[in-house]
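Participant: have a look at this prediction, sequence included:
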Amino acid sequence: MLKTVFIFECKKLAASRSFYFIVICLLLTAIYSLYNGRKFISGQQKNIQLAIARENIIFDEVVSRIQHPDTATADAKWAYSHLTDPGWIITSPNKRWTSWWQPTQLSFLSIGNRDVYPYYHELEPYSFYMRFFKNEISSPFKLLYGNFDLAFVITLLFPLFIIGFTFDVYAVEQESGTYALLNTVTRADKIILCKLLFYLALTLAMINIILLVSLLFGNSITIKQWFSYATTANLYILTWFFIVYLVGLLKRSSVLNAIILISCWIFLSVGLPAIFNAVANASYPVNAEAFSKYIRRVQMSDNPAVKRSLLKEFYHYYPQYANTDTIGPSYSNKLYTAYGNLNDRHADPLLNEYFKQMQQREDFLNACNFFNPVTRCQQRFNTLSGTDLQSYITYVKQVRQYVQGLKENLTQKCFDGVPLKVSELQHRLSFDQFNKSLKNK
């Protein structure tokens with residue numbers, strides 16, 4: 001019977017021009033989403049490489065000026081004397097290291113938070129907060145709609161395709177009068193279930209073909225990664241067919257079935273997420289305004305008492321520098337270096353609270369959307385693609401550790417009065433090297 005139903009449905013669809021039009025449009029839309037996602041991630045990777053290149057140009061220029069000094073004038077001599085001064089390297093706003101949120105092989109399939117949060121930063125070892133949160137962005141449009149990627153097509157467009165071809169799978173037999181006739185031959189419910197299985201097989205075939213095509217757009221996607229993503233997509237499609245099956249059991253008219261299913265789609269895709277987001281924003285507000293006092297470059301006070309108080313607090317945390325010389329030309333740089341260290345130390349509790357607020361909001365939304373297949377599927381796609389909130393938080397923590405490592409190395413040289421070597425500038429610790437060292441620990 002299953003074979004007979006499949007053959008009948010194939011012949012019916014083969015005679016339908018609208019079917020061909022809808023399928024071709026959906027497939028072309030999916031392919032475009034792959035192209036758009038690949039283009040978006042490639043653009044981010046290009047900008048990351050440009051930022052790294054800018055960093056290299058800046059430090060290469062410093063090295064060139066050291067190796068080919070210009071000491072013809074007093075100003076040139078002064079500038080040359082600061083080129084290897086670690087205090088000058090720390091406090092100069094033009095000397096920046098680059099960090100970036102590395103996209104994964106699957107990021108182009110689900111862009112997730114990569115279009116909401118900044119994906120690279122130009123950092124100063126002077127202070128993590130003075131640069132990092134200045135780059136924070138917030139796009140209300142992107143927060144609401146996101147970018148057009150394959151995850152968007154699967155979670156929002158494929159359910160409409162399913163609804164369009166299956167909303168009347170039960171009702172059409174009753175409205176045409178064939179339901180009673182089918183019952184004389186066999187159970188009509190079995191035939192209707194076979195029709196659902198046909199459309200399920202058709203939809204799964206389409207989505208898996210698209211996912212196979214995605215391998216052509218990706219770089220070095222592993223079988224495990226692809227299988228995890230495909231499994232999530234297939235389970236999501238099964239969930240929507242189960243919803244169609246439940247609505248069909250009500251045995252209402254085809255018009256009413258269509259209204260119920262479209263209402264479910266709107267409620268699950270737009271209504272519930274919007275309501276829960278509004279509640280989350282009110283109950284668990286998250287903002288970076290608390291860092292405002294720590295992102296400003298403060299002019300050092302000329303009051304000797306203020307300077308002594310600053311160094312006293314600094315020596316409390318770094319007693320190894322208490323006996324270093326704090327007079328002479330490098331005194332100002334040491335003061336600013338101490339201030340930058342204390343600035344980050346004071347702001348770190350706020351960063352932990354910031355992460356806590358973000359996580360509380362995310363946990364609340366996850367709990368609210370636990371039974372919502374649309375948001376659950378999108379969250380799973382983001383997790384597999386490395387574009388979820390937790391991946392971003394991990395990146396921020398890595399950047400904070402990276403800046404602290406740079407700061408401690410340069411601070412030691414600054415207070416010890418040890419100039420930087422040319423080799424240290426040429427082979428400075430990059431963010432990529434830092435991450436590799438973390439993985440090896």
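Facilitator: The structure has been received and is ready for your questions. Residues are numbered from 1 along each chain as shown.
Participant: only C-alpha atoms for contact and neighbour calcs from this point on.
Facilitator: OK.
Participant: find the nearest non-adjacent residue to residue 112, please.
Facilitator: Excluding its sequence neighbours, the residue lying closest to residue 112 (Cα to Cα, 6 or more residues apart in numbering) is residue 387, at 5.0 Å.
Participant: can you classify that neighbour as helix, strand or coil?
Facilitator: coil (DSSP: H, G, I helix; E, B strand; the rest coil).
Participant: how close does it sit to residue 393?
Facilitator: 11 Å (Cα to Cα, to the nearest Å).
Participant: just want to know which of these two has more residues nearby.
Facilitator: Using other Cα atoms under 10 Å, the more surrounded residue of residue 387 and residue 393 is residue 387, with 26 against 14.
Participant: and the more buried one, what does it touch?
Facilitator: Neighbouring residues of residue 387 by Cα atoms under 8 Å, 6 or more residues apart in numbering: 103, 107, 110, 111, 112, 113, 114.
Participant: now, of the residues you listed, which are buried?
Facilitator: Taking 16 or more other Cα atoms under 10 Å as the criterion, what is buried in the contacts of residue 387 is 103, 107, 110, 111, 112, 113, 114.
Participant: ok, so of the residues you listed, who is nearest residue 242?
Facilitator: Nearest to residue 242 among these: residue 110, at 24.7 Å, using Cα to Cα.
Participant: now the closest one: phi and psi?
Facilitator: Phi and psi for residue 110, reported as degrees, to the nearest 10, are phi -140, psi 100.
Participant: chain neighbours aside, what residue packs nearest to it?
Facilitator: Using Cα to Cα, 6+ apart, the closest residue to residue 110 is residue 151 (5.2 Å).
Participant: phi, psi of the one you found?
Facilitator: Given degrees, to the nearest 10, the pair of backbone angles that residue 151 has is phi -60, psi -40.
Participant: state the number of residues packed around it.
Facilitator: Residues near residue 151, counting by other Cα under 10 Å, number 27.
Participant: same question, the one 3 residues further on
Facilitator: Here the number of neighbours of residue 154 (other Cα under 10 Å) works out to 20.
Participant: pretty sure it sits in a helix.
Facilitator: Yes - counting by three-state DSSP, residue 154 is located in a helix.
Participant: what sits against it?
Facilitator: Counting by Cα under 8 Å, 6+ apart, residue 154 has contacts 207, 233.
Participant: quick one: least confident helix or strand in this protein?
Facilitator: Across the helices and strands of the chain, the lowest-confidence element by mean pLDDT, DSSP states H and E is helix 140-145, at a mean of 44.
Participant: same list (the buried ones among the contacts of residue 387) but as JSON lines, adding pLDDT.
Facilitator: Output for the buried ones among the contacts of residue 387, formatted as JSON lines (pLDDT from 0 to 100):
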{"residue": "103", "pLDDT": "93"}
{"residue": "107", "pLDDT": "94"}
{"residue": "110", "pLDDT": "93"}
{"residue": "111", "pLDDT": "92"}
{"residue": "112", "pLDDT": "88"}
{"residue": "113", "pLDDT": "88"}
{"residue": "114", "pLDDT": "89"}
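Participant: can you redo these as CSV with secondary structure and distance to residue 306?
Facilitator: Listed next are the buried ones among the contacts of residue 387 as CSV, based on DSSP: H, G, I helix; E, B strand; the rest coil; distance: Cα to Cα, whole Å:
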residue, secondary structure, distance to residue 306
103, coil, 45
107, coil, 49
110, coil, 51
111, coil, 48
112, helix, 47
113, helix, 43
114, helix, 43
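Participant: which one of those is nearest residue 426?
Facilitator: Residue 426 has its nearest neighbour among these in residue 103, at 26.5 Å by Cα to Cα.
Participant: quick one: contacts for the closest one?
Facilitator: 41, 45, 386, 387.
Participant: try 10 Å this time
Facilitator: Shown in contact with residue 103 (Cα atoms under 10 Å, 6 or more residues apart in numbering): 41, 42, 44, 45, 111, 114, 119, 385, 386, 387.
Participant: from residue 358, how far off is it?
Facilitator: Distance from residue 103 to residue 358, by Cα to Cα: 21 Å.
Participant: got it, and residue 308?
Facilitator: From residue 308 over to residue 358 (counting by Cα to Cα), the distance is 38 Å.
Participant: kindly report the same for residue 200.
Facilitator: Residue 200 is 38 Å from residue 358, by Cα to Cα.
Participant: swap in residue 170?
Facilitator: Residue 170 is 45 Å from residue 358, by Cα to Cα.
Participant: give me the element residue 98 is part of.
Facilitator: Using DSSP states H and E, residue 98 falls within strand 97-100.
Participant: following that strand, which helix or strand comes up?
Facilitator: Criterion used, DSSP H and E; the element after strand 97-100 is strand 120-123.
Participant: list the contacts of the helix or strand that comes right after that next one.
Facilitator: Next helix or strand after strand 120-123 toward the C-terminus (DSSP H and E): helix 129-132. With contacts defined as Cα under 10 Å, 6+ apart, helix 129-132 is touched by 93, 96, 99, 118, 120-125, 291-297, 340, 343-344, 347-348, 351, 396, 399-400, 403.
Participant: got the end-to-end distance for stretch 323-337?
Facilitator: Across stretch 323-337, first to last residue, Cα to Cα, it's 16 Å.
Participant: thinking again about what came up before, residue 308 and residue 358: which is more packed in?
Facilitator: More neighbours surround residue 358 than the other of residue 308 and residue 358, with 19 against 12 (other Cα under 10 Å).
Participant: show me where the stretch 201-350 of the chain has its strands.
Facilitator: With DSSP state E, counting those that start in this stretch as the definition, the stretch 201-350 of the chain shows no strands.
Participant: how about the helices in it?
Facilitator: Using DSSP state H, counting those that start in this stretch, the helices of the stretch 201-350 of the chain run over 223-249, 254-266, 272-283, 304-317, 331-368.
Participant: hmm, back to that, what average pLDDT does the strand holding residue 98 get?
Facilitator: Average pLDDT, strand 97-100: 91.
Participant: tell me what it is packed against?
Facilitator: helix 17-67, strand 120-123, helix 389-416, helix 431-440 (3 or more Cα pairs under 10 Å, 6 or more residues apart in numbering; DSSP states H and E).
Participant: parallel or antiparallel, list what pairs with that strand.
Facilitator: strand 120-123 (antiparallel) (DSSP bridges).
Participant: quick one: distance of the strand it pairs with to the chain centre.
Facilitator: For strand 120-123, the separation from the chain centroid amounts to 16 Å (computed by Cα atoms, centre = their mean, to the nearest Å).
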